[in-house]
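Q: Sharing a sequence plus its predicted fold:
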Amino acid sequence: MKSASAYRLYGASHSLYTGKARCYLRNQGLPYIEVPTWHPDFANRILPQIGRGIIPVLETPDGAVIQDTIDIIDHLEAQGVPWPAYPQTPLQHIVAIIIEYYGGQAMLKHAMHYRWSYRAEQEAFLRCAFTLGSGPKMAEQIMGRMNSYLPRLGVNTESIPLIETSFLQLLDRLERHFADWPYLLGTQPSIADYGLIGPMFAHLGRDPVPLTIMQQRAPRVHRWVERMTAPGLDVVEYAQAEPGFPAGDALPPTLIPVLAHIAEDIFPELTDKLAYLDAWVAELKPASGTPVTEKPQIRQVGMVHTCFRGAPIEVGVEPYLLYVLQRASDTLRALPVAERGAVQAQLAELGLADAVSLGRTWRVGRRSNIEVWEMPATA
C-alpha cells in the first residue's frame, strides 16, 4: 500500500468523533494514515481550510479536505464501499440515524462524565492520551477546557446518578442484543454502529473506569467495540456471516429494548432543544447561508432548561443536532403518503416519532466545512 494513495485522517486516539471516522475507514478497508493535530500540516494546511480547530478532518488522495464525520462518511459512501452504512429501507434508515444522533450527541453526557468526573482515578491515562494526541504544550489547556464542558452537557449532582444508571442499563440491553447479532441492525455495520462507537470506544471503551465496568458487566459489548475497530467485518463468533440487514425493513427484536432506552434518554431534552431553535430562528430570522454562530469555534446558540430522566439540567443548544436528524426527516418526507404514515406509526410505537419532524421549513447546511442556516425562499 503506497502512502501517496492513502487518505489522511487528522485526529486523536481519545477523540470521540475521530473514533467514528476511524472505525468506518477500517471496516471498509480503506487505506489511511492517521496524523496528530500537532503535525505541522494541520496548522499550516488544514486549519486555514476548515476555519476552526476541530477534528476529525479527512484529506483525500486528491487533496480535498472534509471536516465532520457525516460529511466524511457520506463522501466515502459516494465513492463506493464494500458495506454501505445506510440501510435502503425507510424504518431501518431512520432508526439508524436516530441511534447515530444518540451516540454522537446525547451520549456526550455519559462519555464526558466518566472521563472527567473520575479524573483523579484516570489522571495518568488521560494525561498520556492528550499529550500523545496534542503535544505536551497543548495537553493541559485542552484537558482543562474539556473538563469545563460538563455543566453545559447537563452533568450535575442530580443527573450524575441517573447518567451512571443509564450507562449500566444500556450495557445490559446491548449485551443481550450482541448475543444474537454482531451489529446493531444486523450482520453489517450501519451508520447506527458508527454513531454509537464514538463514545463507546474513545471514552467508555478506553478510559480505565468505564472500560472496567464494560469488560466486567458486558463482555459482548466490549467485543463489539473490538469488532468495530478491527479491519473488515470481524464476525467470527456468529453463524450467520452474510453481511446485510433484516429483510422487510424489520428491526432485530433485541434492538427494541435498546431503542426504548434511547427514547428515555433523549426526551424531553431533544424536544426542548428543537423548540429553542425554532423560537431562535423565528425571532432572529438569520439570512440563508450565514454561519449558525458568530464564530466558527462556538457551536451553541444558547442554553435551555430541561431534564434528564427527571433530573433538572441546563444544556447548550447546538444547531448541528438538526444537521444530524434532518437526514431522517428527509427520508420520511420522501415516502409516499401511505408508506410515510405506516413508518410514522412504527416510530411512535418505538417512542421515537418526535425525533423526526416534518414541519420545519428551515435547515442547517454546511458550506466550506462550517454550519450555515438554510432558510426557505421568500416570494
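A: Here it is on my side, so go on. Numbering: from 1, shown residues only.

Q: Show me how the protein divides into domains.
A: Domain assignment for the chain by automatic domain parsing gives 3-79, 90-266, 269-374.

Q: so how far is the first residue of the last one from its last?
A: Using C-alpha to C-alpha, to the nearest Å, the gap from the first to the last residue of domain 269-374 comes to 24 Å.

Q: Quick check: mean pLDDT of it?
A: Averaged across domain 269-374, pLDDT comes to 96.

Q: again, but for the longest one
A: Confidence for domain 90-266, expressed as mean pLDDT, is 95.

Q: okay, which residue is most central for this structure?
A: residue 104 (2.2 Å; C-alpha atoms, centre = their mean).

Q: from what I can see it touches residue 21, true?
A: No - between residue 104 and residue 21 there is no contact under C-beta atoms under 8 Å: 11.3 Å. C-betas here are computed from N, CA, C, even on glycine.

Q: which neighbours do these two share?
A: residue 69 (C-beta atoms under 8 Å, 6 or more residues apart in numbering).

Q: returning to that earlier point: is the residue nearest to the centre of the chain part of a helix or strand, or is it coil?
A: Classification of residue 104 using DSSP: H, G, I helix; E, B strand; the rest coil returns helix.

Q: mind listing what it touches?
A: 16, 17, 20, 69, 195, 198, 199, 324.

Q: Between those, which sits nearest residue 213?
A: residue 199 (13.5 Å; C-beta to C-beta).

Q: so residue 37 makes contact with residue 54?
A: No - using C-beta under 8 Å, residue 37 is not in contact with residue 54, being 9.7 Å away.

Q: Between the two, tell me which one has more neighbours.
A: When residue 37 and residue 54 are compared on other C-beta atoms under 10 Å, the one with more neighbours turns out to be residue 37, at 24 against 18.

Q: Could you check how far the nearest residue to residue 116 once chain neighbours are set aside is from residue 141?
A: Spatial nearest neighbour of residue 116, excluding adjacent residues (C-beta to C-beta, 6 or more residues apart in numbering): residue 147 at 4.6 Å. According to C-beta to C-beta, to the nearest Å, residue 147 stands 11 Å off from residue 141.

Q: Residue 201 now?
A: Counting by C-beta to C-beta, the gap from residue 201 to residue 141 is 24 Å.

Q: who has more neighbours, the two?
A: residue 201 (24 against 11).

Q: tell me which element the more buried one is part of?
A: helix 191-202 (DSSP states H and E).

Q: Could you give the number of residues near residue 242?
A: 8.

Q: on that earlier part again, between the contacts of residue 104, which is nearest residue 95?
A: residue 195 (11.3 Å).

Q: Residue 125 belongs to a strand?
A: No - using three-state DSSP, the assignment for residue 125 is helix, not a strand.

Q: Now do the nearest residue to it once chain neighbours are set aside against residue 261, distance only.
A: Spatially, and ignoring its direct neighbours in sequence, residue 125 is nearest to residue 208 (5.5 Å; C-beta to C-beta, 6+ apart). Counting by C-beta to C-beta, the separation of residue 208 from residue 261 is 25 Å.

Q: Among the two, which residue is more densely surrounded?
A: residue 261 (18 against 14).

Q: any idea which element that one lies in?
A: With DSSP H and E as the criterion, residue 261 is inside helix 256-266.

Q: ok, residue 70 touching residue 323?
A: Yes - at 7.0 Å, residue 70 counts as touching residue 323 under the criterion of C-beta under 8 Å.

Q: give the contact list for the closest residue to residue 189 other than its chain neighbours.
A: Closest residue in space to residue 189, ignoring its immediate chain neighbours: residue 183 at 4.9 Å, by C-beta to C-beta, 6+ apart. When the contact criterion is C-beta under 8 Å, 6+ apart, the partners of residue 183 are 189, 190, 193, 224, 227.

Q: In this structure the third one contacts residue 225, no?
A: No - with contact taken as C-beta under 8 Å, residue 193 and residue 225 are classed as non-touching, separated by 10.4 Å.

Q: Look at these two and report which has more neighbours.
A: residue 193 (26 against 23).

Q: ok, now which ones touch the more buried one?
A: Going by C-beta under 8 Å, 6+ apart, the list of residues near residue 193 reads 23, 183, 184, 185, 228.

Q: What about the closest residue to the third one other than its chain neighbours, how many residues nearby?
A: For residue 184, the nearest residue in space outside its immediate sequence neighbours is residue 192; the separation is 4.5 Å by C-beta to C-beta, 6+ apart. Using other C-beta under 10 Å, the number of residues around residue 192 comes to 27.

Q: Same check on residue 31?
A: 12.

Q: which residue sits closest to it, ignoring its sequence neighbours?
A: residue 6 (4.1 Å).

Q: Okay, the one you found and residue 249: tell me how far apart.
A: 37 Å.

Q: go on, residue 207?
A: 37 Å.

Q: Of the two, give the one with the bigger neighbour count.
A: Counted by other C-beta under 10 Å, residue 207 and residue 249 do not tie: residue 207 has more neighbours, with 22 against 18.
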